[in-house]
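Q: Quick one, fold the following:
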Amino acid sequence: MFLAARTEWVKNHFEQEEVCYLTMLAVHPNQQTRGIGAAMLDWSLERAGANGEKVLVNGRPAGKPLYLKKGFKELGEIVLGDSDDMLFHMPCLVWDPNTVS
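A: Numbering: from 1, shown residues only. Alright, predicted model coming up:
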């Protein structure tokens, strides 16, 4: 279900563009708040930026502040689940090397 929703989202927003999709960025809970996630994200953004590629991510809500701090812009969200008590909202964000200062 998620893969279909993500594929549709990317197709609707970036059908004709070269993009890099960040599939997973995770840090063990015992190691969080030490800058490890930020360092991994910086590494990814440096490589994408060198190629002029935008970076797309569908993250967990808890990771959204890090992405926003790194210059990502929120485009919307993917909502997963089939009932109100089982819905999960995933922010959809993009980083564009041409607009990040």
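
Q: Can you spell out which helices and strands pack onto the longest helix along the chain?
A: Longest among the helix segments of the chain by residue count, using DSSP state H, is helix 36-50. Contacts defined by 3 or more C-beta pairs under 8 Å, 6 or more residues apart in numbering; DSSP states H and E place helix 36-50 against strand 19-22, strand 54-58, helix 64-69. Bear in mind the C-beta positions are built from the backbone N, C-alpha and C, glycine included.

Q: switch the cut-off to 10 Å
A: Helix 36-50 makes packing contacts with strand 19-22, strand 54-58, helix 64-69, strand 88-95 when contacts are defined by 3 or more C-beta pairs under 10 Å, 6 or more residues apart in numbering; DSSP states H and E.

Q: Between helix 36-50 and the second one, find me the angle.
A: This means strand 54-58. Strand 54-58 runs at 140 degrees relative to helix 36-50, counting by axes from the mean of the first three to the mean of the last three C-alpha atoms, to 10 degrees.

Q: strands paired with strand 54-58, and their directions?
A: As defined by DSSP bridges, the strand partners of strand 54-58 come to strand 19-22 (parallel), strand 88-95 (antiparallel).

Q: list the buried ones in the last one?
A: Right, strand 88-95. Residues of strand 88-95 classed as buried: M90, P91, C92, L93, V94, W95 (neighbour count, 16 or more other C-beta atoms under 10 Å).
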